[in-house]
Each structure stands twice: as C-alpha cells, then as structure tokens.
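A.B. asks: Following is a predicted model, sequence given first.
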Amino acid sequence: MSGRGAVMSGGGAVMSGGGAIEWLTVPSPLPSGPLTVGITELGVAAVHFTPDAVPEQAPRCVESRRVAAVTERFAAYFAGARRELGLPVDWRLSSGPHQVVLEALYRSVPVGETITYGRLAQRSGVFEGVGESPGLAARTVGQMMGANPIPVLVPCHRVVAADGLGGFGNGRIGLDVKRWLLTLEGWLAPTLDWDGPG
C-alpha cells in the first residue's frame, strides 16, 4: 500500500514528501457510517469506509485547521451544499497505470455524470496496446476502482458498468454507498427510502 518513494514507519504511518499520514474520523450519513480519512501536509491521501482499516496506534490528526477543513468540506458535501469537496489530493498511495486511471477519473468526470469502466479505460490512454480485448481493459479498470485509496474524493462511485451500476467494494453495503452517492449527486433519482438532503 505504498506509493512513489513511500516507506512504512512505526504505527502504520506512511512517510513521503508530505510527511506522515495522520488520521481522523469524519461523520457521514452513508450506509457504511463514519469515514476514516488520512491526511498529510499535501492533502487527503486515503479514505476508508470502515474504521478498522486503520491500526489503533496510527497517528491521529490533531492540527485543528486541517481537521476543520476536512470535516467541514465533507459535511457540506453530504448535506448537498457543495458539489465538489474541493480538498487537495495526495496521490502517494497510487502509482503507475493505476494513478493515471485515477487521475483521468478525477479530472474528467464531474458531479452528476458517470462513465463506464470501458470508456474510462479508453480515456486514460493506459490500455492502448490491448487491441481486441476491450473487456479485459474494462475489468482491469474495475479492479483499479476497487483499489482506489481515496474514494469519494476520487469519485470511483461515478464509474459504472455498461449495463447498470457495476460494483463498489464491500459487497451489499458498498452498493448501497454507491447508490447513496449517485443519488446525492443527482445521477440517480431518489427512492422512497432516500435519507439524504432534499
């Protein structure tokens, strides 16, 4: 789980050009519950839907300015008051073709839009030599989305199958999270049980 030039140090911290990753818990209305967010001097490096993804001894973020910025932006986004989180991204936990695909997604698929796995494969330019196997490229992009270290910020929930929603990690709860986010962003119509902002 290390990116360009990163090395593991004690307590699960990843050191790189932006210092150690420090963690905070962000309240969320998502079906998965609160988010665990890893931040550095450079920006958000990781988002986890499950709190047990981060070791207890991992360093906690105590810098009030960073905590407030991240917490307030997520709160405004989940309330429907912000279209984009507008937080800087630290790409240290991705590299190579994976990072190229994630950056293509991040730069080119705004709120309210989606893209298929196959189309993202084409747009990224990573799979130009695949030739006659576009299905392989689409499946590979699906795996890359499942390994996205910064979901929500790098919007892998906006990547869908050609014939439906596609997957979103963590089984059923993952699909519920994907539906919730796509409803919040206006791509899916709210259902009778929608519990997000009106």
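C.D. replies: Now that the structure is in, tell me what you want to look at.

A.B. asks: now the strands for this structure?
C.D. replies: Along the chain, the segments classed as strands by DSSP state E run 7-8, 14-15, 22-26, 35-39, 44-48, 115-116, 159-160.

A.B. asks: Including mean pLDDT and distance to residue 109, could those strands go into JSON lines?
C.D. replies: Every C-beta, even on glycine, is put in place using the N, C-alpha and C of the backbone. JSON lines is the format used below for the strands of the chain (pLDDT from 0 to 100; distance: least, CB to CB, whole Å):
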{"stretch": "strand 7-8", "mean pLDDT": "32", "distance to residue 109": "32"}
{"stretch": "strand 14-15", "mean pLDDT": "48", "distance to residue 109": "27"}
{"stretch": "strand 22-26", "mean pLDDT": "96", "distance to residue 109": "23"}
{"stretch": "strand 35-39", "mean pLDDT": "96", "distance to residue 109": "21"}
{"stretch": "strand 44-48", "mean pLDDT": "96", "distance to residue 109": "17"}
{"stretch": "strand 115-116", "mean pLDDT": "96", "distance to residue 109": "5"}
{"stretch": "strand 159-160", "mean pLDDT": "96", "distance to residue 109": "8"}
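
A.B. asks: Of all those strands, which one is nearest residue 138?
C.D. replies: strand 115-116 (7.2 Å; CB to CB).

A.B. asks: Can you spell out which helices and strands pack onto the closest one?
C.D. replies: strand 159-160 (3 or more CB pairs under 8 Å, 6 or more residues apart in numbering; DSSP states H and E).

A.B. asks: what's the strand it packs on in contact with?
C.D. replies: 105, 109, 114-117, 120, 141-142, 145, 166 (CB atoms under 8 Å, 6 or more residues apart in numbering).

A.B. asks: gap between the residue lying closest to residue 25 once chain neighbours are set aside and residue 54?
C.D. replies: Distances taken as CB to CB, 6 or more residues apart in numbering place residue 34 nearest to residue 25, at 5.1 Å, with adjacent residues excluded. Remark: distance between residue 34 and residue 54 (CB to CB, to the nearest Å) = 12 Å.

A.B. asks: One more: residue 192?
C.D. replies: For residue 192, the distance to residue 54 - CB to CB - is 35 Å.

A.B. asks: which of these two has more neighbours?
C.D. replies: residue 54 (19 against 4; other CB atoms under 10 Å).

A.B. asks: On the pLDDT front, check that one for me.
C.D. replies: On pLDDT, residue 54 comes in at 86.

A.B. asks: Which residues are in contact with it?
C.D. replies: Shown in contact with residue 54 (CB under 8 Å, 6+ apart): 12, 23, 36, 38, 48.

A.B. asks: just to revisit the earlier point, wait, doesn't the residue nearest to residue 25 sit right on residue 47?
C.D. replies: No. Using CB atoms under 8 Å, residue 34 makes no contact with residue 47, being 11.1 Å away.
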